[in-house]
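S.K.: Return a 3D structure for these sequence lines:
(one chain, ligands or ions: 1)
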Amino acid sequence: MDGALLQGRVALITGSGRGMGRAHAALLAQHGADVVVHDIVPERVAESAAIVRQHGRRVMEAVENVADPAAMAALVARVEAELGPIAILVNNAGIGADRAVTEAIDEAMFDRMFDVHVKGTFFTTRSVLPGMKSLGGGAIVNISSIWGMVGHHFGSTYCAAKAAVLGFTKSWAKELAPHRITVNAIAPGGVTSPMAIEKDGIDAVRERMARVPLGRWAEPEEIAHAVLYLVSPQAGFITGQVLSLNGGDTIVGI
Ligand SMILES: NC(=O)c1ccc[n+]([C@@H]2O[C@H](COP(=O)([O-])OP(=O)(O)OC[C@H]3O[C@@H](n4cnc5c(N)ncnc54)[C@H](O)[C@@H]3O)[C@@H](O)[C@H]2O)c1
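M.R.: Sure, this is the predicted structure:
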C-alpha cells in the first residue's frame with residue numbers, strides 16, 4: 001500500500017479524537033485520504049488533527065455528538081462544501097459497555113448505548129449516502145465488537161447495540177451494492193485503547209489479555225490496517241463481511 005492509494009478521497013471517521021479512531025484517521029491520511037477528524041470532545045479533536053496533519057493532507061476538525069442526527073447531517077453538508085463528497089465512512093464512535101447486569105441498566109443507560117452506536121451509525125450513514133452515491137462508489141466500515149457476535153455476561157445493551165451494527169452492515173451491503181458502495185464491519189476483540197483501560201483498570205485488562213490465545217490485545221494501529229484494507233480498491237469485491245481481529249479469542253463460523 002502506498003501514499004497515493006486513497007488520494008483524492010474524503011474520509012469521515014467518527015470518534016477519531018483518540019484510540020482506534022485516531023489510528024484510522026492517521027493511517028488513511030498517510031495513504032492519501034483527506035480526513036475529517038470528528039469527536040464529541042474538542043481537545044481530542046484538536047490533538048488528533050495535529051497528528052493527522054503531519055501527513056500533509058487536508059484535515060477538517062469537527063466537534064459533534066454522533067447521536068444527534070441533525071448535527072451530523074449539518075456536518076456532512078459542511079464537509080461536502082469544503083472537501084467534497086465523502087467516499088469513505090468509518091462509523092467508529094463508541095462508548096464502553098456499562099459493566100452492569102440487566103436489572104441495573106435503566107432507561108437512560110439503554111438509550112445512551114443505542115443512541116451512540118445504533119442511531120449514530122444509522123443517521124451518519126444516511127447523511128453521507130447521497131454524496132457517496134454521486135461519486136459512483138465508496139466504502140463504509142462499521143466498528144462493531146466481538147461482544148456483538150458472541151455476547152457477554154455483563155453489558156447486554158452494548159452487545160445488542162454492536163449486534164445491530166452488524167445488521168446494518170449486512171443490509172447495507174445488499175442495498176448499496178448497485179451503487180458500488182461496499183459495507184463491512186470490524187469486530188475487534190480487546191484493543192489497548194483508553195476505553196477498556198479506563199473502564200476496568202490495567203490489572204483487569206492484563207488478566208483478560210492472558211486468556212487470549214495470542215497472549216495480548218491488539219494495538220489500535222493493527223485495527224487501522226484492517227480498515228485501510230477494507231476501504232482500499234484492492235478490497236472492492238468484499239462486502240457484507242465481518243472481520244474479527246481478536247487474537248484467536250473467539251473462532252466461529254465454518
Ligand atoms: N477498546 C476495545 O477493546 C474495543 C473492542 C471492540 C470494539 N470497540 C469499539 O471500537 C470503537 C472505538 O473504541 P476505542 O476503544 O478506540 O475507544 P475510545 O474511548 O478510546 O475512543 C472512542 C471515541 O469516541 C468518542 N465518542 C464517544 N461518544 C461520542 C459521541 N456521542 N459523539 C462523538 N464521539 C463520541 C469518544 O470521545 C472517544 O474519543 C468503539 O465503537 C468501541 O465500542 C472497542
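S.K.: List the contacts of residue 73.
M.R.: Contacts of residue 73 were listed using CB atoms under 8 Å, 6 or more residues apart in numbering, and they are 123, 127. Every C-beta, even on glycine, is put in place using the N, C-alpha and C of the backbone.
S.K.: so it sits in a helix?
M.R.: Yes: per DSSP: H, G, I helix; E, B strand; the rest coil, residue 73 lies within a helix segment.
S.K.: Might you enumerate the residues of this protein proximal to the ligand?
M.R.: Listed as neighbours of the ligand in the chain under the rule CB under 6 Å from any ligand atom: 15, 17-21, 39-41, 44, 65-67, 92-95, 116, 143, 145, 188, 190-191, 193-196.
S.K.: So which of the residues you listed are in helices?
M.R.: 19-21, 44, 194-196 (DSSP state H).
S.K.: Quick one: buried ones out of these?
M.R.: Burial by neighbour count, 16 or more other CB atoms under 10 Å: within those this picks out 19-21, 44, 195-196.
S.K.: and the residues you listed as TSV, adding pLDDT?
M.R.: Shown next, in TSV, are these (pLDDT from 0 to 100):
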residue	pLDDT
19	97
20	98
21	98
44	98
195	88
196	83
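S.K.: what comes up buried for the lengthiest helix in the chain?
M.R.: The single longest helix within the chain, with elements called by DSSP H, is helix 156-176. Using 16+ other CB under 10 Å as the test for burial, helix 156-176 gives 156-166, 168-170, 172-173, 176.
S.K.: which secondary structure elements does it contact?
M.R.: For helix 156-176, the elements it packs on are helix 107-114, helix 120-134, strand 138-143, helix 146-150, strand 181-186, judged by 3 or more CB pairs under 8 Å, 6 or more residues apart in numbering; DSSP states H and E.
S.K.: Highest mean neighbour count out of these?
M.R.: With neighbours taken as mean count of other CB atoms under 10 Å, the helices and strands packed on helix 156-176 reach their highest mean count in strand 138-143, at a mean of 27.
S.K.: before we move on, the earlier item: considering the ones in helices among the residues of the chain next to the ligand, which is situated nearest to the ligand?
M.R.: residue 19 (2.4 Å; CB to the nearest ligand atom).
S.K.: Quick one: residues contacting the closest residue to that closest one other than its chain neighbours.
M.R.: For residue 19, ignoring the flanking residues on the chain, the nearest one in space by CB to CB, 6 or more residues apart in numbering is residue 193 at 3.3 Å. By CB under 8 Å, 6+ apart, residue 193 lies in contact with 18-20, 220.
S.K.: mind redoing it with 7 Å?
M.R.: Each residue near residue 193 by CB atoms under 7 Å, 6 or more residues apart in numbering is listed here: 19-20, 220.
S.K.: same thing with residue 89?
M.R.: Neighbour list for residue 89: 12, 124-125, 128, 140 [criterion: CB under 7 Å, 6+ apart].
S.K.: just checking, it is part of a helix?
M.R.: No: Residue 89 is assigned strand when assessed by three-state DSSP, not a helix.
S.K.: do you know how far it is from residue 247?
M.R.: 27 Å (CB to CB, to the nearest Å).
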